[in-house]
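S.K.: Here is a sequence with its predicted model. Questions after.
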Amino acid sequence: METYRYRKADAFTSDASNGNPAACLFLDKNQILSEDAMLEIAGQHRGFVSEVIYCRSHDGIFLTYYSSEGEVSFCGHGTIACMYTLIKNTPSLFSCSEIPIHTNKKGKLTVYNRIADEDAVFISAPAPSYLSTSLKPEDTAAPLCLCDEDISREFPIEVIDAGLRTLIVPLNSFQKLISIYPDEPGLKKFCLQNDIDIILIFSLDPADPENIAHTRVFAPRFGYLEDPATGSGNSAFGYYMLKHGIWDGSWCSIEQGGDNQVFNRIKLRFQDDVLLFGGKATTRIDGVYYY
C-alpha cells in the first residue's frame with residue numbers, strides 16, 4: 001500500500017456558499033497510477049466528490065481528471081481546487097503570476113495566480129468548438145422536466161465545447177430554472193443519445209443583479225445529477241454570451257445552483273482572445289491517501 005498527498009477542496013466558494021467539492025491526489029515524480037487505478041480511486045469517491053484530480057508536478061504540472069464513471073476530458077472546478085491549493089501551499093509557485101499546466105485531454109492551459117490581490121486563480125478555458133445540433137425546444141423540454149413554453153425563443157439552443165460538450169438551453173423563468181430537478185437516469189439516456197457531456201440551463205434574470213446570469217449544470221453522464229459550480233460549462237456559456245452579444249468580455253460573474261443551496265459564484269473575463277474562469281477554493285481535508 002502506498003501513500004499519496006491528498007486534499008479535498010471545494011472550488012468557487014464565496015461568502016456562505018459551499019462551492020463544488022473535488023479530491024486532489026498529488027503524485028511525486030516516482031509515483032505512477034494506471035488508468036484502472038485512477039478509475040478505482042475515483043469510484044471510491046462516488047457520492048463524496050464529483051471528480052478526482054491527479055496532479056503530477058515533475059518537469060511541469062500535469063492534470064488528469066476522473067469521475068466515478070471514467071476519465072473526464074476536462075474539469076474546471078477540479079482545476080481551480082487543485083491549482084489554488086497547490087499555489088497557496090508552494091512558495092515557489094505563489095511568487096509566479098502565470099503558471100503553465102498540461103491536461104491529459106485538452107493540452108496546455110495557463111493558470112493566472114491572483115491569490116494575493118483577488119484571493120482567486122483564473123484558468124484559461126480550452127479553445128471553443130461550436131458544434132452543430134438539431135435539438136429543438138420540444139426535444140429538450142421533457143428530459144429536463146420542463147414544458148415547451150418554459151424554454152426561451154429569444155436565444156438559440158446550442159452545443160459548445162470549451163472543455164466538455166455543453167448543451168446550452170435558455171429559460172424564460174428564473175423561478176422555473178432554480179426549482180426543477182430532472183430524473184437522473186432519463187437525463188443520462190438523453191445525454192448519451194445526443195453525445196452531450198453536460199447540460200447548462202440559464203436565465204438572464206439572476207437573483208443578484210450584480211451577476212450577469214444564473215445557470216445550472218446537469219452532468220448525469222458522469223455519475224451524478226447536478227454540478228453545483230462549473231468551470232467548463234460556464235466557460236462554454238461565456239463563449240455563448242460573447243457570440244450573441246449578451247456580454248462584452250469585461251469582468252463579470254455568474255451565480256449557479258438550485259433552490260436547495262446557497263448560490264455559488266463563478267468569475268469570467270475575456271483576455272487576449274481567451275476566456276478565463278476563476279474563483280477561490282476552501283480546503284476541507286489535508287492529509288494522505290492510502291492505496
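M.R.: Arrived safely. Numbering: from 1, shown residues only.

S.K.: which ones are touching residue 39?
M.R.: Listed by Cβ atoms under 8 Å, 6 or more residues apart in numbering, the contact partners of residue 39 are 66, 70, 71. Where C-beta positions appear, they are placed from N, C-alpha and C, glycine not excepted.

S.K.: and the nearest residue to the first one once chain neighbours are set aside, what is it in contact with?
M.R.: What it means is residue 66. Excluding the flanking residues, the one nearest residue 66 by Cβ to Cβ, 6 or more residues apart in numbering is residue 42, at 3.8 Å. Taking Cβ under 8 Å, 6+ apart, we find residue 42 in contact with 51, 52, 66, 67, 68.

S.K.: of all those residues, which comes closest to residue 92?
M.R.: For these, the minimum distance to residue 92 (Cβ to Cβ) is 25.1 Å, reached by residue 52.

S.K.: any idea how far that closest one lies from residue 75?
M.R.: Applying Cβ to Cβ, to the nearest Å, the value for residue 52 to residue 75 is 9 Å.

S.K.: Out of the contacts of residue 39, which sit inside strands?
M.R.: Of the contacts of residue 39, the ones assigned to strands by DSSP state E are 66, 70, 71.

S.K.: Would you quantify the distance from the residue in the chain sticking out farthest from the centre to residue 151?
M.R.: Within the chain, the residue lying farthest from the chain centre (Cα atoms, centre = their mean) is residue 1, at 31.7 Å. Using Cβ to Cβ, residue 1 is found at 51 Å from residue 151.

S.K.: first vs last residue of stretch 121-131, how far apart are they?
M.R.: By Cα to Cα, to the nearest Å, the extent of stretch 121-131 from end to end equals 29 Å.

S.K.: Sorry, wrong one. I was asking about stretch 167-174.
M.R.: 18 Å.

S.K.: Please work out the average pLDDT along it.
M.R.: Mean pLDDT, stretch 167-174: 98.

S.K.: For it, what is the distance to the chain centroid?
M.R.: From the chain centre to the centre of stretch 167-174 is a distance of 18 Å (Cα atoms, centre = their mean, to the nearest Å).

S.K.: just stretch 45-55 next, same as before
M.R.: Using Cα atoms, centre = their mean, the offset of stretch 45-55 from its chain centre is 13 Å.

S.K.: again, but for stretch 169-187
M.R.: On the basis of Cα atoms, centre = their mean, stretch 169-187 sits 18 Å off its chain's mean C-alpha point.

S.K.: So residue 216 is in contact with residue 203, correct?
M.R.: No. Counting by Cβ atoms under 8 Å, residue 216 stays clear of residue 203, with 9.3 Å between them.

S.K.: which SSE is residue 80 in?
M.R.: helix 76-88 (DSSP states H and E).

S.K.: one step back: closest to residue 251 among the contacts of residue 42?
M.R.: Closest to residue 251, out of all of the contacts of residue 42 and judged by Cβ to Cβ, is residue 51, at 26.8 Å.

S.K.: Could you report the distance from that closest one to residue 77?
M.R.: To residue 77, residue 51 is 8 Å away according to Cβ to Cβ.

S.K.: on that earlier part again, overlap in contacts, residue 216 and residue 203.
M.R.: Joint contacts of residue 216 and residue 203 (Cβ under 8 Å, 6+ apart) are residue 177.

S.K.: Counting neighbours, go ahead and name the busier of these two.
M.R.: Remark: of residue 216 and residue 203, residue 216 carries more neighbours, 25 against 21, as counted by other Cβ atoms under 10 Å.
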